[in-house]
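1. coordinates for the following, if possible.
(one chain, ligands or ions: 1)
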Amino acid sequence: MTAPEQAPPRIVVHPDKERMARATAASLITTLVEAQTARGGASVVLTGGRNGNALLAALAQAPGRDGVDWSRVDLWWGDERFLPDGDPDRNHTQARAAFLDAVPLDPARVHPMPASDGPHGDDVAAAAEAYAAELAAAADTEGTAAPRVPSFDVLLLGLGPDTHVASLFPEHPAVREEERTVVGVLEAPKPPPTRISLTLPALRAAREVWLLAAGEDKAEAAAAALRGTDPLRTPASGARGRARTLWILDEAAAARLPSSVRD
Ligand code: 6PG
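-> Below is the predicted model of the structure:
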């Protein structure tokens, strides 16, 4: 695998999950405005899970929300539960409820992962391949050895209790993928078992990776991932951005961090 430059993790701890969501929404707005000022457009990769959804809900309520030109933001997904369109458990459905319908996005720039009743039916490998092609068509890395995906401005990730990120679970075939940017995931330990996920090389193409974890049930995983050096065992340890890797935690999730990483 070509190893692009990767930023070491920086840790930000908020007093509780509500303030974490509000502060992260404000930071995201600032980062998107800066990206649009520098490059015209901006791109974000969304995550499923409670912390990702809490951030989207805070973003919908954020006072500075309209400072972003939402019609020039591309939205992608880091993973998806492979279910029919509109299923309440799909990350896309949850993002719509929390945020997508609240701002004037350009529908052509919203890129949900395929559903299990879409053009590829229940063929999750074909659905993953189609999403890889969509990313490649939007890539700004043509002709280089880098993965064929856009240079995402911010890629958001939740953290699983087993240190999974997106649908990359420890020791699972998907976390070993070094060539493809998107894969179908079978027999995931977190339901539903069939999923689509960006791979580690695709996650690492992002300028900024922000990992979100709140609650004491995440404390062990955050500590293990920040100590971890082998992404096959602790996938979150392999999720790094090229310019910035931010671990955004509340006090409860930060409770077991080694003092060497917190200070
Ligand atoms: C999903 C995910 C997954 C999630 C983590 C954390 O679709 O299930 O994208 O990686 O982000 O499991 O989820 P919580 O924030 O709900 O704990």
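2. phi, psi of residue 40?
-> Taking degrees, to the nearest 10, you get phi 90, psi -60 for the backbone angles of residue 40.
3. tell me the helix or strand right after the top helix by length along the chain.
-> Identified as the longest helix of the chain according to DSSP state H is helix 17-39. Following the chain from helix 17-39 toward its C-terminal end, the next helix or strand by DSSP states H and E is strand 42-46.
4. convert the C-alpha atoms of stretch 84-99 to CSV, please.
-> Taking only C-alpha atoms (Å, rounded to 0.1, in the frame of the first residue of the first chain), the coordinates of stretch 84-99 have been written out as CSV:
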residue,chain,number,x,y,z
PRO,A,84,-33.6,-1.1,1.4
ASP,A,85,-33.8,2.6,0.6
GLY,A,86,-35.5,4.5,3.4
ASP,A,87,-35.0,1.8,6.0
PRO,A,88,-34.8,3.5,9.4
ASP,A,89,-31.5,1.8,10.1
ARG,A,90,-29.7,3.1,7.1
ASN,A,91,-27.2,5.7,7.9
HIS,A,92,-28.5,7.8,5.0
THR,A,93,-32.1,7.7,6.4
GLN,A,94,-30.8,8.8,9.8
ALA,A,95,-28.7,11.6,8.3
ARG,A,96,-31.7,12.9,6.4
ALA,A,97,-33.8,13.0,9.6
ALA,A,98,-31.0,14.7,11.5
PHE,A,99,-29.7,17.2,9.0
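5. centre of the chain versus that stretch, how much separation?
-> How far stretch 84-99 lies from its chain's middle: 15 Å, per Cα atoms, centre = their mean, to the nearest Å.
6. touching the ligand at all, it?
-> Yes: part of stretch 84-99 sits close enough to the ligand to count as contact by Cβ under 6 Å from any ligand atom, namely residue 91. Where C-beta positions appear, they are placed from N, C-alpha and C, glycine not excepted.
7. for stretch 42-53, same thing?
-> Yes: against the ligand, stretch 42-53 shows contacts by Cβ under 6 Å from any ligand atom at 47-52.
8. give me the buried subset of these.
-> A residue is treated as buried here by neighbour count (16 or more other Cβ atoms under 10 Å); on that basis the buried members of the residues of stretch 42-53 next to the ligand are 47-49, 51-52.
9. how about CSV for these, with pLDDT, distance to residue 90 and secondary structure added?
-> Shown next, in CSV, are those (pLDDT from 0 to 100; distance: Cβ to Cβ, whole Å; DSSP: H, G, I helix; E, B strand; the rest coil):
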residue, pLDDT, distance to residue 90, secondary structure
47, 98, 13, coil
48, 96, 8, coil
49, 97, 13, coil
51, 96, 17, helix
52, 98, 13, helix
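10. low-confidence ranges, this protein, go.
-> With pLDDT under 70 as the threshold, the chain has low-confidence stretches at 1-4, 141-145, 263.
11. dump the residue contacts of the residue nearest to residue 217 when sequence neighbours are not counted.
-> For residue 217, the nearest residue in space outside its immediate sequence neighbours is residue 161; the separation is 5.8 Å by Cβ to Cβ, 6 or more residues apart in numbering. Contact partners of residue 161, counting by Cβ atoms under 8 Å, 6 or more residues apart in numbering, are 217-218, 220-221.
12. out of those, the closest to the ligand would be?
-> Compare each of the contacts of residue 161 with the ligand using Cβ to the nearest ligand atom and the shortest gap goes to residue 218, at 7.0 Å.
13. count of residues packed around the closest one?
-> 25 (other Cβ atoms under 10 Å).
14. for it, which three-state class applies?
-> Residue 218 carries the three-state label helix when classified by DSSP: H, G, I helix; E, B strand; the rest coil.
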